[in-house]
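> this one's structure only:
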């Protein structure tokens with residue numbers, strides 16, 4: 001597919017009548033997602049803006065639509081494990097969700113000993129650490145090996161402008177961030193959802209390496225999974241056929257997620273410090289292809305873009321949902 005960047009560069013709210021926007025009530029304009037307050041519900045506008053490192057921000061065509069549609073596909077496949085916040089997706093650009101009170105931690109589940117940053121599991125393991133983030137690791141593992149079993153390495157849920165920080169499961173309970181019984185429920189569901197994800201990814205020729213889940217409590221106090229699940233933004237996927245061949249060549253497996261952009265910047269020498277170069281059209285289009293390839297592999301259906309720009313369609317969808 002030849003992608004035209006022009007429509008994807010548009011602001012999702014272009015074309016909305018200013019009075020109508022005020023009436024609908026934009027609650028937050030985020031880096032990569034905009035939120036409209038609808039009372040008991042919120043509209044989540046997944047944009048095409050992508051954030052990689054702290055300072056890289058650019059446009060990946062139709063990224064938002066891929067995330068909306070793929071998250072919906074996944075949530076249908078785990079609804080026997082945990083309810084989700086989604087009410088409907090009235091437009092390819094919009095998700096309507098119930099308001100939930102997010103838990104103050106993000107649940108990171110990992111199935112591989114991977115990573116290259118200073119805080120990554122592999123970096124610490126390679127330096128000789130065997131107890132990492134409160135978890136014990138056996139000797140003899142190599143980079144990118146499958147772990148004996150999936151693990152949780154949670155982080156704090158960062159406030160605006162701050163970073164997520166690693167935190168142990170014991171600290172979560174001891175500090176009163178999440179009650180012990182509720183945390184047991186969270187971890188049980190997180191492992192079950194991850195296992196389902198690993199199985200479905202394998203059928204698609206992919207390896208689900210790790211992922212981030214966000215949980216919240218709905219108005220009735222029921223535990224609910226919120227935000228995205230197993231998308232190229234919330235998870236890391238490898239092309240399964242490249243894992244062993246790339247290992248033999250001492251190279252990383254082929255990424256089919258947002259890491260593709262980060263790795264491209266890293267190859268050019270950027271490490272997230274200082275002013276980054278712009279996200280050029282070539283990288284943006286290539287990343288769009290990665291997102292859409294992941295979508296097609298998982299769902300078995302080629303991605304078909306919906307109407308763009310989103311503005312008038314968003315307004316109509318919200319008013320007529």
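Yep, that arrived. Everything numeric here is computed off the predicted structure, so don't read it as measured data.

> residues contacting the nearest residue to residue 112 once chain neighbours are set aside?
In this structure, residue 112 finds its nearest non-sequential neighbour in residue 209, 4.9 Å apart by Cβ to Cβ, 6 or more residues apart in numbering. Backbone N, C-alpha and C define where each C-beta goes, glycine included. Shown in contact with residue 209 (Cβ atoms under 8 Å, 6 or more residues apart in numbering): 110, 111, 112, 114, 235, 236, 237, 238.

> rerun at 6 Å
By Cβ atoms under 6 Å, 6 or more residues apart in numbering, residue 209 lies in contact with 112, 114, 236, 238.

> Please narrow the residues you listed to those residing in strands.
Under the assignment DSSP state E, those contribute 112, 236, 238 to strands.

> mind listing what the second one touches?
Contacts for residue 236 were tallied using Cβ under 6 Å, 6+ apart; they are 209, 210, 257, 259.

> quick one: what helix or strand has the closest residue to it other than its chain neighbours in it?
Spatially, and ignoring its direct neighbours in sequence, residue 236 is nearest to residue 209 (4.0 Å; Cβ to Cβ, 6+ apart). Per DSSP states H and E: residue 209 is located in strand 206-217.

> Which positions within that strand qualify as buried?
By neighbour count on 16 or more other Cβ atoms under 10 Å, the buried set for strand 206-217 is 206, 207, 208, 209, 210, 211, 212, 213, 214, 215, 216.

> Figure out how far that strand is from the centre of its chain.
Here strand 206-217 is found 7 Å from its chain centre; the criterion is Cα atoms, centre = their mean, to the nearest Å.

> Neighbouring strands - and their directions - for that strand?
Using DSSP bridges, the strands paired with strand 206-217 in its sheet are strand 101-102 (antiparallel), strand 105-112 (antiparallel), strand 223-226 (antiparallel), strand 235-239 (antiparallel).

> what's the most buried one of those?
When the strands paired with strand 206-217 are scored by mean count of other Cβ atoms under 10 Å, the highest mean neighbour count falls to strand 235-239 (a mean of 24).

> Downstream of that one, the next helix or strand is which one?
Beyond strand 235-239 toward the C-terminal end (DSSP H and E), the next one is helix 243-248.

> Just the buried positions in that following helix, please.
Buried-residue list, helix 243-248, by 16+ other Cβ under 10 Å: 243, 246.

> roughly how far out does it sit from the chain middle?
With Cα atoms, centre = their mean, you get 25 Å for helix 243-248.

> what angle do whichever helix or strand comes after that helix and strand 206-217 make?
Going down the chain from helix 243-248, the next helix or strand is helix 259-267, by DSSP H and E. Between helix 259-267 and strand 206-217, the angle comes out at 110 degrees (axes from the mean of the first three to the mean of the last three Cα atoms, to 10 degrees).
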